[in-house]
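**Q** pasting the sequence and the predicted coordinates here, then a few questions.
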Protein chains: 2
Amino acid sequence: MIIIGELINGTRKRIKEAIASRDADYIADLATKQAEAGADFIDCNPGTVGEKEVQDMQWLVETIQAATDKPISFDSPNPEAIQRALATYSGTATPMINSVTLEPGSVEKMLPIVLEAKVNVVALALSEEGMPSQAGQREAVAYRLIDRLTAGGIQPEQIFVDPVIAPVSTAHEVGQHILQAIAAIRDYCPECHITCGLSNISFGLPNRQLMNRAFVGIAMQAGLDSAVMDPLDKQLMAHIIATEAIIGQDEFCMNYLQAHRAGKLEV
Amino acid sequence: MIIIGELINGTRKRIKEAIASRDADYIADLATKQAEAGADFIDCNPGTVGEKEVQDMQWLVETIQAATDKPISFDSPNPEAIQRALATYSGTATPMINSVTLEPGSVEKMLPIVLEAKVNVVALALSEEGMPSQAGQREAVAYRLIDRLTAGGIQPEQIFVDPVIAPVSTAHEVGQHILQAIAAIRDYCPECHITCGLSNISFGLPNRQLMNRAFVGIAMQAGLDSAVMDPLDKQLMAHIIATEAIIGQDEFCMNYLQAHRAGKLEV
């Protein structure tokens, strides 16, 4: 699993305060902790708007890359913020743009930035039709996005398709729609990555971490190989390691046994 | 999920002692606890052999049915022990025979008992070929067993197909072989139940409960709707409830929310 650590997100109260007060120690510590816990990318979402977001993005990228060598996922719908992030980023590992969609504004403004930067990109399966509500909608949008990105020179391995996770509390068929979309996208583009905003599945429910774990294992079997998630959730990380062994991605359970010896499964 | 509580099994040291000393209070308490925790059947495995097993089976059935109204799963390869269990059982709910296979001895001696008793039956996908090691073997044996049982007048709803769980530590493809078998059997006989000896998946590994949870959710999505398992494992029970919501078996998450209110998810 390619884990995109989600904790540096300005819509969270404590992060919002840290960004506003330029508390670099707090942000750096959170970046380091996520990297140590196994994050492959550090997501960076200022959670502000307009010119303020551009400045906050720059400060966050400077702060995170001073703390860790892990690549950063620039998380904003604001093209100016993404461009500032790309200009600020000095790491050697290829960063990520989170995200481009087929919504009118994104196609016109974000897609050209992605095609020029040729970095990793989260391709979020949203279009002019809005939130998917029918079976088959997610994958149909995803195919179009994959085609647009690869036609523009993005390698399939750089595309992280996000099938748009809706809360399972909203309709009992939501889970199957998402799982079918993941399987179909995996079939359509075997080289692409498939990611998701994992905790959206449990929105509005109690014991969200339990529901997140229940979803991620089944989704991995369907073809999910990445998630935007909390790498400090030890039970979730342990569940992912166990799932990799179950689905045949951990020969002789070597990684599982190593995690056990490191105390990572004692949760 | 149809849960077959596995704890009354004479191969476990404490149970062996309770059977040997005719400690009815201990057995009755374990039957009651499993029923209260959500077991739909109480498995009853004397773990002894020969005439001793026949007597132990009779005593166990008498003891369990005095403690709970839940139907009993008579768990023995010994035809005489199964016949004694059937003769002793006085419950109104239909019991279960665990198990019949296509191994030579079982076909000749156990199959006629099953066909005459017309109770629920675990159809364990073993044949004269022994333990399955190749993809496709489990489902091929399962189809033959289903055909034999239904031809003999057993209703599909009374058949609990067990695809034979091998430890995932033995070979990294084992998990996918089992999951493919479950999906194929579900397709072959939509009305059949599919069960398994859940904890076999984690045999030989540390943190077995974690591995059991990781497997059961994926298996449920593939078509598993029953398990021989420990209903007192609260994390496992919570994981199953969450999984039912994810895979579309819990409209509006009503059961999940009810379990939360009852404190069953706080694990």
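**A** Sure, I can see it.
**Q** next structured bit after the helix or strand hosting residue A:238?
**A** Taking DSSP states H and E as the definition, residue A:238 sits inside helix A:234-246. Next along the chain after helix A:234-246, taking DSSP H and E as the criterion, comes helix A:254-261.
**Q** picking that back up, the helix holding residue A:238 near chain B anywhere?
**A** Yes: applying Cβ under 8 Å from any Cβ of the partner chain, one finds that helix A:234-246 is in contact with chain B at A:238-239, A:242-243, A:245-246. For glycine as for every other residue, the C-beta is placed from the backbone atoms N, C-alpha and C.
**Q** elements contacting that helix?
**A** In this structure, helix A:234-246 packs against helix A:208-222, helix A:254-261, helix B:208-222, with contacts taken as 3 or more Cβ pairs under 8 Å, 6 or more residues apart in numbering or on different chains; DSSP states H and E.
**Q** just how off-centre is that helix within its chain?
**A** 18 Å (Cα atoms, centre = their mean, to the nearest Å).
**Q** list the contacts of it.
**A** A:1, A:3, A:37-38, A:209, A:212-213, A:216-217, A:220-221, A:229-231, A:250, A:253, A:255-256, A:259, A:264-265, A:267, B:168, B:172, B:175, B:201, B:207, B:210-211, B:213-215, B:218 (Cβ atoms under 8 Å, 6 or more residues apart in numbering or on different chains).
**Q** check contacts around the residue nearest to residue A:48 when sequence neighbours are not counted.
**A** Of all residues not flanking residue A:48 in the chain, residue A:56 sits nearest, at 5.2 Å (Cβ to Cβ, 6 or more residues apart in numbering or on different chains). If a contact means Cβ under 8 Å, 6+ apart, then residue A:56 has A:10, A:19, A:46-48, A:81 as its contacts.
**Q** turn the residues you listed into a markdown table, including distance to residue B:131 and secondary structure.
**A** Converted to a markdown table, those look like this (distance: Cβ to Cβ, whole Å; DSSP: H, G, I helix; E, B strand; the rest coil):
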| residue | distance to residue B:131 | secondary structure |
| --- | --- | --- |
| A:10 | 55 | coil |
| A:19 | 58 | helix |
| A:46 | 57 | coil |
| A:47 | 55 | coil |
| A:48 | 60 | coil |
| A:81 | 58 | helix |
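**Q** hang on, the earlier thing: now the helices and strands packed on helix A:234-246 in JSON lines, with mean neighbour count?
**A** Below are these laid out as JSON lines (neighbours: other Cβ atoms under 10 Å in any protein chain shown):
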{"stretch": "helix A:208-222", "mean neighbour count": "25"}
{"stretch": "helix A:254-261", "mean neighbour count": "17"}
{"stretch": "helix B:208-222", "mean neighbour count": "24"}
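**Q** separation between the residue lying closest to residue A:204 once chain neighbours are set aside and residue B:163?
**A** Leaving aside its chain neighbours, residue A:204 sits nearest to residue A:169 (4.6 Å; criterion: Cβ to Cβ, 6+ apart). As judged by Cβ to Cβ, to the nearest Å, residue A:169 and residue B:163 stand 32 Å apart.
**Q** domain ranges for chain A?
**A** Using automatic domain parsing, the domains assigned to chain A come out as A:1-71, A:94-232.
**Q** can I get these in a markdown table with mean pLDDT and distance to residue B:94?
**A** Output for the domains of chain A, formatted as a markdown table (pLDDT from 0 to 100; distance: least, Cβ to Cβ, whole Å):
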| stretch | mean pLDDT | distance to residue B:94 |
| --- | --- | --- |
| domain A:1-71 | 98 | 44 |
| domain A:94-232 | 97 | 29 |
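**Q** can you redo those as a markdown table with distance to residue B:130?
**A** Shown next, in a markdown table, are these (distance: least, Cβ to Cβ, whole Å):
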| stretch | distance to residue B:130 |
| --- | --- |
| domain A:1-71 | 36 |
| domain A:94-232 | 28 |
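**Q** which one of those lies nearest to residue A:85?
**A** Residue A:85 lies closest, by Cβ to Cβ, to one member of the domains of chain A: domain A:1-71, at 5.0 Å.
**Q** which parts of the stretch 101-250 of chain A are strands?
**A** Along the stretch 101-250 of chain A, the segments classed as strands by DSSP state E, counting those that start in this stretch run A:120-127, A:159-162, A:193-194, A:226-229.
**Q** get me the contact residues on chain A for chain B.
**A** Checking chain A against chain B by Cβ under 8 Å from any Cβ, the hits are A:168-169, A:172-173, A:175-176, A:179, A:201, A:205-207, A:210-211, A:213-215, A:217-218, A:221, A:238-239, A:242-243, A:245-253, A:256-257, A:260, A:265-267.
**Q** ok, of these, which come out buried?
**A** For those, a burial check counting by 16 or more other Cβ atoms under 10 Å in any protein chain shown picks out A:168-169, A:172, A:175, A:179, A:201, A:205, A:207, A:210-211, A:213-215, A:217-218, A:221, A:238-239, A:242-243, A:245-248, A:250, A:253, A:256-257, A:260, A:265.
**Q** what residue in the stretch 1-150 of chain A comes nearest to chain B?
**A** Relative to chain B, the nearest point of the stretch 1-150 of chain A is residue A:135 (11.3 Å; Cβ to the nearest Cβ).
**Q** what about that residue, how many neighbours?
**A** Neighbour count of residue A:135, defined by other Cβ atoms under 10 Å in any protein chain shown: 13.
**Q** one more: residue A:191?
**A** Residues near residue A:191, counting by other Cβ under 10 Å: 10.
**Q** what about it, distance to residue B:62?
**A** For residue A:191, the distance to residue B:62 equals 62 Å [Cβ to Cβ].
**Q** and for residue A:252?
**A** Going from residue A:252 to residue B:62 by Cβ to Cβ gives 46 Å.
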